[in-house]
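Visitor: predicted model and sequence below, questions to follow.
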Protein chains: 2
Amino acid sequence: MILKSLLMPIDNAETEREGVAHITPNVLYSEVDLARVGMTEVAARAGVSVTTVSHVLSGRRPVAESTRTRVLQVIEQLGYQPDTLARGLRTRRTMTVGLLVPDLTNPFYPMVLRGLNDVLVPAGYHAIVCDTDGTREQELAFLREMATRRVDGMVIAPFQLTRKDLLSHAKAVPLVRLGDGPLDADLGDLVSSGGEDGMAQMVRYLLERGSRRVAYIGGPRHTGPSDRREAGFHRALAEAGRVAGDDLVIRGGFTRDAGREAAEVLLNRADRPDAIACANDLIAIGVLDAARKLDLSVPGDLAVTGYDDIDAASLVTPALTTVVNPAREVGRACGEALLRRLTADGAEPYREVVIANSIVRRDSA
Amino acid sequence: MILKSLLMPIDNAETEREGVAHITPNVLYSEVDLARVGMTEVAARAGVSVTTVSHVLSGRRPVAESTRTRVLQVIEQLGYQPDTLARGLRTRRTMTVGLLVPDLTNPFYPMVLRGLNDVLVPAGYHAIVCDTDGTREQELAFLREMATRRVDGMVIAPFQLTRKDLLSHAKAVPLVRLGDGPLDADLGDLVSSGGEDGMAQMVRYLLERGSRRVAYIGGPRHTGPSDRREAGFHRALAEAGRVAGDDLVIRGGFTRDAGREAAEVLLNRADRPDAIACANDLIAIGVLDAARKLDLSVPGDLAVTGYDDIDAASLVTPALTTVVNPAREVGRACGEALLRRLTADGAEPYREVVIANSIVRRDSA
DNA sequence: ATCTCCTTGCAAGACGTTTTGCATCCTTAC
DNA sequence: GTAAGGATGCAAAACGTCTTGCAAGGAGAT
């Protein structure tokens, strides 16, 4: 269902009503009209130079109290608002950051944006958010666009991007990578919720619970959090003295549909698994779809687990046992990491932030 | 569950690992280093003036083919990218729009953003998105911030904003209002999915189905789509020769929790309703929570309907009968309306775009 | 061959800020 | 009474682009 509107042709049934061409304005155009008055105007009215106005605003040099209040008064009266553009041109700071995510439709990412805004907005920064559909072309296009816009920094959840793609950008502006990507100091800080550990923990839980054949459905190799979550799966198995054959690992997409398809393959085999650990909740929901279709009881015949704990995880039947990926907190950590570099004087050391995750046991396992 | 991380104090359990302070770069610093070369540099290398370079780029004046290719070659070689800031300062266009939404956590809005990007990004525009939590302070702060950033236009889903708040902004930049707000030509175009009709249709369906006492749970008055959806409720009832007493209408918030609380009030009364139409899906899911708690069967004892058809609507049990609010299509319409004004020469007529909606019948009614 | 007009290119002035070097005036200390 | 220094304020130069007025050259028309 997630991808419904992506795949279906959207019919353009619209009604349009045209109204009056020009409405006579029923407010007086006053001097307080927005955004058309500059510092020169303020300076003139206050009887000072633009320099002084600037200093009143920035506080970089002392201004006599009397002139100060006079200037502020004029500013208030005129509704003057400094032009961020012009300021940015001069100061080389746009107070804007870019956020690159693969799929805003995955509820995890809007929550990350919230967290990011929690810390960035109070500091005066705002985010341009770009949805890349997880395609390399769009990821690259977005990176280029952000460069021409001279953003002060970026938070990215890269899917297809290679180390080489990112390197030049990482040199130009502070970069924070979101998710369980590879550790790489050249590519900026990393904020994750410890996907390898989280998945390992989940698989350990499945084994303790008595599952004998545990399968794994992940995303494509080298995309986003894929590799590290899969590593966690293998690690937990290895610790228990087992090995998952290739037939028990399927890599598709991070969507509900992909999950259903992968599950159908696994479950139609003679020696079907009795547990499936999924790389995210959407996939797990797809697995639930498949199980229902095949009349398998969950968790009786098959245990299913997800990852992220999006809202939907608690809404499906049976409710999903999953790994809590505290999206908002992750977003905040990204904001803090970025802010640290943006406000730092010198070079900051590379840092990796791991947000603690935990398992939430519900009905599916 | 939606509001979980909003309400709960988030514990800051983080692990941090510090790495090497400075990693020796393992790429050569080449001239293709990003974003540090300007038009002057390009002009010098190509042996022409900056004017010519600018003309090559903008095409506003013809440039000899030979110089043209030479300039382009140098641009390519240097990896030159025009500075959007400087350009914007001169041209008065930032190629940036603002998107104001009350709650990005409501899956409806991320989808709108997608639709918006569908049409805006190809045209070179990017969106700054701001989540206001539905509070007036944040809405106003955001409006002011966008003004200082000199965005070229805004798409807003206002909750608490009054006509007066918006007026000055509407005069400064093209505004598109999203949702079922009041018709008001001074406040910019309006894109809605016909909330009044949609709700009326739904209530009509409930009546045909045999419901005798239909109640309504909405959001607070004069916020977002509240009023028009509620109007639809009353209209459908009136058409059927009935009237809903005040005791059958409750106005709370647009959240799951608010829905549950309102439903508990309604359902604990002696003459409880046999159907509840809700102003959005989140509220309806809350009603389902309450019904379960009171051991009422849905739709046997109580029919429940939502509005928006967010993903979760089809995931809950029983699956929600709801009004499809085609978010992405709405987003696109917003983008188109905005683009129309942004690219128009003169004044465009006021327009209202109504996206067709429809009912999707599932299990809850 | 002369005149006109089109093509092509350049120089310089915006756009609205911040920043820096100087000038002035008033204290304060001697 | 004078020198030193702090407190204030101003003018002008940036930041990187687009735009406008003007000039030089070449082609076509008479």
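Guide: Sure thing, it's come through.
Visitor: what does chain A put close to DNA strand C?
Guide: A:38-40, A:50-51, A:54-55, A:57-58, A:60-61, A:80-83, A:86-87, A:89-91 (C-beta under 7 Å from any atom of the strand). All C-beta spots, glycine's among them, are computed from the backbone N, C-alpha and C.
Visitor: narrow these to those in helices?
Guide: A:39-40, A:50-51, A:54-55, A:57-58, A:86-87, A:89-91 (DSSP state H).
Visitor: could you dump the residues you listed to JSON lines with distance to B:Leu282, pLDDT and neighbour count?
Guide: Shown next, in JSON lines, are those (distance: C-beta to C-beta, whole Å; pLDDT from 0 to 100; neighbours: other C-beta atoms under 10 Å in any protein chain shown):
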{"residue": "A:Met39", "distance to B:Leu282": "46", "pLDDT": "91", "neighbour count": "19"}
{"residue": "A:Thr40", "distance to B:Leu282": "50", "pLDDT": "90", "neighbour count": "11"}
{"residue": "A:Val50", "distance to B:Leu282": "51", "pLDDT": "91", "neighbour count": "14"}
{"residue": "A:Thr51", "distance to B:Leu282": "53", "pLDDT": "92", "neighbour count": "12"}
{"residue": "A:Ser54", "distance to B:Leu282": "47", "pLDDT": "93", "neighbour count": "19"}
{"residue": "A:His55", "distance to B:Leu282": "50", "pLDDT": "92", "neighbour count": "18"}
{"residue": "A:Leu57", "distance to B:Leu282": "43", "pLDDT": "92", "neighbour count": "17"}
{"residue": "A:Ser58", "distance to B:Leu282": "44", "pLDDT": "89", "neighbour count": "11"}
{"residue": "A:Ala86", "distance to B:Leu282": "42", "pLDDT": "94", "neighbour count": "16"}
{"residue": "A:Arg87", "distance to B:Leu282": "40", "pLDDT": "94", "neighbour count": "19"}
{"residue": "A:Leu89", "distance to B:Leu282": "43", "pLDDT": "93", "neighbour count": "19"}
{"residue": "A:Arg90", "distance to B:Leu282": "45", "pLDDT": "93", "neighbour count": "10"}
{"residue": "A:Thr91", "distance to B:Leu282": "42", "pLDDT": "92", "neighbour count": "10"}
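Visitor: contacts with DNA strand D among those, please.
Guide: Filtering these for proximity to DNA strand D (criterion: C-beta under 7 Å from any atom of the strand) leaves A:50-51, A:86, A:89-90.
Visitor: so what pLDDT did the residue in the stretch 101-250 of chain A positioned nearest to DNA strand C get?
Guide: Closest contact between the stretch 101-250 of chain A and DNA strand C, by C-beta to the nearest atom of the strand, is at A:Gly124 (12.2 Å). A:Gly124 is assigned a pLDDT of 94 by the prediction.
Visitor: run a quick neighbour tally on A:Trp122.
Guide: No Trp there; residue A:122 is Pro. 10 (other C-beta atoms under 10 Å in any protein chain shown).
Visitor: which SS state does it fall under?
Guide: At A:Pro122 the chain is in helix, as set by DSSP: H, G, I helix; E, B strand; the rest coil.
Visitor: pLDDT at A:Met1, what is it?
Guide: At A:Met1, pLDDT is 30.
Visitor: do A:Ala356 as well
Guide: Listed pLDDT for A:Ala356 reads 89.
Visitor: over to the one 4 residues further on?
Guide: Here, the pLDDT recorded for A:Val360 equals 96.
Visitor: that one pairs with what?
Guide: Residues in a beta bridge with A:Val360, per DSSP bridges, are A:Thr322.
Visitor: contacting residues around it?
Guide: A:309, A:321-324 (C-beta atoms under 8 Å, 6 or more residues apart in numbering or on different chains).
Visitor: same thing but at 7 Å, please
Guide: Residues in contact with A:Val360, defined by C-beta atoms under 7 Å, 6 or more residues apart in numbering or on different chains, are A:309, A:321-322, A:324.
Visitor: farthest-separated two in the residues you listed?
Guide: Distance extremes for the contacts of A:Val360: the farthest pair is A:Thr321 and A:Val324 at 10.8 Å, using C-beta to C-beta.
Visitor: which of these two has more neighbours?
Guide: Set side by side, A:Thr321 and A:Val324 show more neighbours around A:Thr321, with 24 against 18, by other C-beta under 10 Å.
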